[in-house]
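Engineer: Kindly generate the corresponding structure for this input.
(one chain, ligands or ions: 2)
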Amino acid sequence: MKLTVVGCSPAWPNPGGAQSGYLVEGRDGRLLLDCGPGVLPRLRAAEGWPRVDAIAITHFHLDHWGDLVPWVWGLQFGPAAELPRPRLFVPPGGRETLARLGDELGRGDMFESAFEIEEYADGETFEAAGSRVTPHRVLHYQMLAFGFRVSDNGMTLAYSGDSGPSDALRELARDADVFICEATLLAPNPEGGTRGHLSAAEADDAFRASGAKRLLLTHRPAERPLENGYEQVYDGFELEL
Ligand SMILES: [Zn+2]
Ligand SMILES: [Zn+2]
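Structural biologist: Ligands and ions are numbered 1, 2, ... in the order given. From the prediction side, this is the model:
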(Lines give C-alpha, C1' and ligand atoms only; values in the text may rest on other atoms or scores of the structure.)
(Ligands and ions follow the chains in the order given, each with its own letter.)
Protein backbone atom coordinates (compact mmCIF):
# COMPACT_ATOMS: atom_id res chain seq x y z
CA MET A 1 0.00 0.00 0.00
CA LYS A 2 1.36 3.41 -0.92
CA LEU A 3 0.08 6.70 0.49
CA THR A 4 0.59 9.99 -1.32
CA VAL A 5 -0.60 13.18 0.33
CA VAL A 6 -1.90 15.13 -2.64
CA GLY A 7 -3.09 18.00 -0.46
CA CYS A 8 -3.41 18.56 3.27
CA SER A 9 -4.44 22.19 3.74
CA PRO A 10 -7.13 23.04 6.28
CA ALA A 11 -10.33 25.02 5.58
CA TRP A 12 -8.26 27.89 4.22
CA PRO A 13 -5.41 26.79 1.97
CA ASN A 14 -1.79 27.06 3.01
CA PRO A 15 0.40 29.06 0.59
CA GLY A 16 0.65 27.09 -2.65
CA GLY A 17 -1.24 24.22 -1.06
CA ALA A 18 -4.06 21.94 -2.10
CA GLN A 19 -6.82 21.00 0.30
CA SER A 20 -7.65 17.48 1.48
CA GLY A 21 -6.67 14.63 -0.83
CA TYR A 22 -4.94 11.36 0.15
CA LEU A 23 -4.18 8.84 -2.58
CA VAL A 24 -3.97 5.21 -1.49
CA GLU A 25 -2.54 2.80 -4.06
CA GLY A 26 -3.08 -0.85 -3.30
CA ARG A 27 -2.39 -4.01 -5.23
CA ASP A 28 -5.63 -3.77 -7.17
CA GLY A 29 -6.43 -0.10 -7.55
CA ARG A 30 -6.14 3.50 -6.58
CA LEU A 31 -8.40 5.09 -4.01
CA LEU A 32 -8.58 8.82 -3.31
CA LEU A 33 -9.67 9.82 0.19
CA ASP A 34 -11.32 13.26 -0.09
CA CYS A 35 -11.01 15.57 -3.06
CA GLY A 36 -10.68 19.17 -1.96
CA PRO A 37 -9.85 22.21 -4.11
CA GLY A 38 -6.41 21.93 -5.67
CA VAL A 39 -6.32 18.14 -5.61
CA LEU A 40 -7.36 17.61 -9.24
CA PRO A 41 -4.69 19.87 -10.79
CA ARG A 42 -2.07 18.24 -8.53
CA LEU A 43 -3.09 14.79 -9.77
CA ARG A 44 -3.15 16.06 -13.33
CA ALA A 45 0.43 17.27 -12.98
CA ALA A 46 1.44 13.63 -12.53
CA GLU A 47 -0.69 12.14 -15.33
CA GLY A 48 -2.99 13.57 -18.01
CA TRP A 49 -6.10 12.64 -16.11
CA PRO A 50 -6.00 10.88 -12.76
CA ARG A 51 -6.37 7.12 -13.05
CA VAL A 52 -8.42 6.78 -9.91
CA ASP A 53 -10.75 3.81 -9.45
CA ALA A 54 -12.64 5.17 -6.49
CA ILE A 55 -13.05 8.32 -4.42
CA ALA A 56 -14.36 8.34 -0.86
CA ILE A 57 -15.55 11.57 0.75
CA THR A 58 -15.48 12.01 4.54
CA HIS A 59 -18.00 14.90 4.70
CA PHE A 60 -19.42 17.75 2.71
CA HIS A 61 -17.30 20.66 3.86
CA LEU A 62 -15.88 22.20 0.69
CA ASP A 63 -12.22 21.58 1.55
CA HIS A 64 -12.96 17.83 1.35
CA TRP A 65 -15.01 17.54 -1.82
CA GLY A 66 -14.79 20.77 -3.89
CA ASP A 67 -12.73 19.39 -6.79
CA LEU A 68 -15.45 16.86 -7.61
CA VAL A 69 -17.06 19.77 -9.50
CA PRO A 70 -14.28 20.29 -12.08
CA TRP A 71 -13.78 16.51 -12.08
CA VAL A 72 -17.34 16.25 -13.47
CA TRP A 73 -16.56 18.70 -16.28
CA GLY A 74 -13.43 16.78 -17.21
CA LEU A 75 -15.41 13.55 -17.34
CA GLN A 76 -18.34 15.01 -19.26
CA PHE A 77 -16.65 17.34 -21.72
CA GLY A 78 -12.92 17.14 -21.23
CA PRO A 79 -9.95 14.80 -21.45
CA ALA A 80 -11.55 12.10 -19.29
CA ALA A 81 -14.62 11.62 -21.49
CA GLU A 82 -13.48 8.20 -22.69
CA LEU A 83 -12.38 6.92 -19.30
CA PRO A 84 -14.46 4.72 -17.00
CA ARG A 85 -16.44 6.55 -14.33
CA PRO A 86 -14.82 6.31 -10.90
CA ARG A 87 -16.87 4.96 -8.03
CA LEU A 88 -17.73 7.71 -5.57
CA PHE A 89 -18.46 6.77 -1.95
CA VAL A 90 -20.35 9.40 0.02
CA PRO A 91 -21.86 9.67 3.52
CA PRO A 92 -25.46 8.58 4.12
CA GLY A 93 -27.76 11.02 2.32
CA GLY A 94 -24.86 12.11 0.11
CA ARG A 95 -26.58 11.20 -3.14
CA GLU A 96 -29.38 13.66 -2.37
CA THR A 97 -26.85 16.26 -1.20
CA LEU A 98 -25.00 15.97 -4.51
CA ALA A 99 -28.23 16.23 -6.50
CA ARG A 100 -29.09 19.43 -4.64
CA LEU A 101 -25.61 20.84 -5.16
CA GLY A 102 -25.77 19.84 -8.81
CA ASP A 103 -28.97 21.84 -9.20
CA GLU A 104 -27.08 24.92 -8.03
CA LEU A 105 -23.81 24.29 -9.86
CA GLY A 106 -24.87 22.91 -13.22
CA ARG A 107 -27.36 20.08 -13.51
CA GLY A 108 -29.09 18.01 -10.89
CA ASP A 109 -27.68 14.81 -12.39
CA MET A 110 -24.16 16.09 -13.01
CA PHE A 111 -22.57 14.00 -10.25
CA GLU A 112 -24.71 10.91 -10.96
CA SER A 113 -23.71 11.03 -14.60
CA ALA A 114 -20.01 11.36 -13.89
CA PHE A 115 -19.53 8.96 -10.99
CA GLU A 116 -20.84 5.58 -9.84
CA ILE A 117 -22.21 6.94 -6.58
CA GLU A 118 -22.67 4.76 -3.51
CA GLU A 119 -23.58 5.76 0.03
CA TYR A 120 -21.64 4.08 2.80
CA ALA A 121 -22.91 3.45 6.32
CA ASP A 122 -21.27 3.99 9.70
CA GLY A 123 -19.22 0.96 10.70
CA GLU A 124 -20.03 -1.03 7.55
CA THR A 125 -16.96 -2.07 5.63
CA PHE A 126 -17.00 -1.65 1.87
CA GLU A 127 -14.54 -2.56 -0.86
CA ALA A 128 -13.08 0.23 -2.96
CA ALA A 129 -10.28 -0.03 -5.50
CA GLY A 130 -9.22 -3.33 -3.96
CA SER A 131 -9.00 -1.98 -0.40
CA ARG A 132 -11.35 -2.57 2.48
CA VAL A 133 -12.68 0.67 3.91
CA THR A 134 -14.57 1.05 7.18
CA PRO A 135 -16.15 4.46 7.86
CA HIS A 136 -16.38 5.58 11.48
CA ARG A 137 -18.56 8.53 12.37
CA VAL A 138 -16.52 11.25 14.08
CA LEU A 139 -17.44 14.38 16.00
CA HIS A 140 -17.45 17.41 13.69
CA TYR A 141 -19.78 20.11 14.98
CA GLN A 142 -23.31 19.14 13.87
CA MET A 143 -21.97 17.75 10.59
CA LEU A 144 -22.36 14.17 9.45
CA ALA A 145 -18.66 13.36 9.14
CA PHE A 146 -16.55 10.20 9.04
CA GLY A 147 -13.02 8.98 9.26
CA PHE A 148 -11.82 6.02 7.19
CA ARG A 149 -9.96 2.89 8.16
CA VAL A 150 -8.37 1.45 5.02
CA SER A 151 -6.83 -2.01 4.85
CA ASP A 152 -5.02 -3.79 2.06
CA ASN A 153 -2.48 -6.61 1.98
CA GLY A 154 -2.29 -6.84 5.77
CA MET A 155 -1.60 -3.14 6.31
CA THR A 156 -4.01 -0.61 7.79
CA LEU A 157 -4.11 3.14 7.44
CA ALA A 158 -6.53 5.30 9.43
CA TYR A 159 -7.56 8.80 8.38
CA SER A 160 -9.49 11.02 10.77
CA GLY A 161 -11.04 13.37 8.24
CA ASP A 162 -12.12 16.37 10.33
CA SER A 163 -12.81 15.43 13.92
CA GLY A 164 -13.05 16.73 17.43
CA PRO A 165 -12.06 14.47 20.32
CA SER A 166 -14.15 11.32 20.71
CA ASP A 167 -13.85 7.61 21.39
CA ALA A 168 -14.55 7.03 17.71
CA LEU A 169 -10.95 8.01 16.88
CA ARG A 170 -9.58 5.27 19.12
CA GLU A 171 -11.64 2.66 17.29
CA LEU A 172 -10.89 4.16 13.91
CA ALA A 173 -7.14 3.90 14.44
CA ARG A 174 -6.99 0.82 16.66
CA ASP A 175 -3.60 -0.87 16.09
CA ALA A 176 -3.32 0.76 12.65
CA ASP A 177 0.09 0.91 10.96
CA VAL A 178 -0.33 4.62 10.43
CA PHE A 179 -2.83 7.16 11.74
CA ILE A 180 -3.23 10.32 9.68
CA CYS A 181 -4.93 12.63 12.11
CA GLU A 182 -6.02 16.21 11.80
CA ALA A 183 -4.51 18.78 14.16
CA THR A 184 -6.14 22.02 13.11
CA LEU A 185 -6.19 23.84 16.43
CA LEU A 186 -3.56 25.63 18.48
CA ALA A 187 -5.39 24.76 21.68
CA PRO A 188 -8.50 22.73 22.56
CA ASN A 189 -11.82 24.30 21.76
CA PRO A 190 -11.11 28.01 21.19
CA GLU A 191 -14.42 28.14 19.33
CA GLY A 192 -16.56 26.90 22.23
CA GLY A 193 -19.63 24.72 21.71
CA THR A 194 -19.64 21.33 20.01
CA ARG A 195 -16.15 20.23 19.10
CA GLY A 196 -15.08 19.96 15.46
CA HIS A 197 -11.27 19.82 15.43
CA LEU A 198 -8.26 18.73 17.47
CA SER A 199 -5.15 20.30 18.85
CA ALA A 200 -1.89 18.42 18.25
CA ALA A 201 -1.90 17.22 21.87
CA GLU A 202 -5.44 15.90 21.48
CA ALA A 203 -4.49 14.10 18.26
CA ASP A 204 -1.58 12.58 20.17
CA ASP A 205 -3.94 11.48 22.96
CA ALA A 206 -6.18 9.73 20.41
CA PHE A 207 -3.12 8.12 18.81
CA ARG A 208 -1.84 6.78 22.13
CA ALA A 209 -5.26 5.43 23.07
CA SER A 210 -5.56 3.66 19.72
CA GLY A 211 -2.36 1.65 19.83
CA ALA A 212 -1.56 2.75 16.27
CA LYS A 213 2.10 2.53 15.31
CA ARG A 214 2.78 5.92 13.74
CA LEU A 215 1.07 9.29 13.95
CA LEU A 216 1.08 11.72 11.02
CA LEU A 217 -0.54 15.07 11.72
CA THR A 218 -2.37 16.91 8.95
CA HIS A 219 -4.95 19.64 8.13
CA ARG A 220 -2.74 22.18 9.93
CA PRO A 221 -2.69 25.89 9.08
CA ALA A 222 0.75 27.19 8.11
CA GLU A 223 0.23 29.94 10.69
CA ARG A 224 0.31 27.30 13.43
CA PRO A 225 3.70 25.61 13.26
CA LEU A 226 3.96 22.47 15.36
CA GLU A 227 6.27 22.02 18.30
CA ASN A 228 9.12 19.64 17.77
CA GLY A 229 8.44 15.97 18.19
CA TYR A 230 5.39 15.65 15.99
CA GLU A 231 5.52 14.28 12.47
CA GLN A 232 3.49 16.35 10.03
CA VAL A 233 2.65 15.53 6.43
CA TYR A 234 2.98 17.98 3.55
CA ASP A 235 1.69 18.09 -0.02
CA GLY A 236 3.66 15.48 -1.93
CA PHE A 237 4.48 13.36 1.16
CA GLU A 238 4.79 9.67 0.21
CA LEU A 239 4.81 6.58 2.39
CA GLU A 240 5.15 2.89 1.46
CA LEU A 241 3.32 0.60 3.85
ZN1 LIG B 1 -11.51 20.21 6.69
ZN1 LIG C 1 -14.96 19.84 7.96
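Engineer: Tell me the spacing between the residue lying closest to L215 once chain neighbours are set aside and T4.
Structural biologist: Taking CB to CB, 6 or more residues apart in numbering, and ignoring the residues beside it in sequence, L215 has F207 as its nearest neighbour in space, at 4.2 Å. Placement of C-beta: from N, CA and C, glycine included. F207 sits 21 Å away from T4 when distances are taken as CB to CB, to the nearest Å.
Engineer: So between those two, which is more surrounded?
Structural biologist: More neighbours sit around F207 than around the other of F207 and T4, counting by other CB atoms under 10 Å; the figures are 24 against 20.
Engineer: Pretty sure that one sits against A173.
Structural biologist: Yes: between F207 and A173 there is a contact at 6.8 Å, judged by CB atoms under 8 Å.
Engineer: Write out the residues of the protein neighbouring ligand 1.
Structural biologist: Taking CB under 5 Å from the ion as the criterion, the chain approaches ligand 1 at residues 63, 162.
Engineer: Tell me which stretches of the chain form strands.
Structural biologist: Under the criterion DSSP state E, strands of the chain are mapped to 2-7, 21-25, 30-33, 54-56, 87-90, 116-119, 126-128, 131-138, 145-152, 155-159, 178-182, 215-218, 238-240.
Engineer: nearest to A168, of the ones you listed?
Structural biologist: Closest to A168 of these is strand 131-138 (CB to CB; 5.1 Å).
Engineer: can you give me the angle that closest one makes with strand 155-159?
Structural biologist: Strand 131-138 and strand 155-159 are oriented at 30 degrees to each other (axes from the mean of the first three to the mean of the last three CA atoms, to 10 degrees).
Engineer: any bit of strand 131-138 sitting next to ligand 2?
Structural biologist: No: figure legend: strand 131-138 not in contact with ligand 2 (CB under 5 Å from the ion); closest approach 9.9 Å.
Engineer: can you list contacts of that strand?
Structural biologist: Applying CB atoms under 8 Å, 6 or more residues apart in numbering, the set of residues contacting strand 131-138 from outside is 1, 24, 26, 28-29, 31, 56, 89, 91, 120-127, 144-152, 160-164, 166, 168-169, 171-172.
Engineer: Also stretch 195-204?
Structural biologist: Contacts of stretch 195-204 with the rest of the structure, by CB under 8 Å, 6+ apart, involve 139-141, 143, 160, 162-166, 181-189, 206, 215, 217, 219-220, 226-227, 230.
Engineer: now with 7 Å?
Structural biologist: The contact list for stretch 195-204, computed with CB atoms under 7 Å, 6 or more residues apart in numbering, reads 139-141, 162-165, 181-189, 215, 217, 226, 230.
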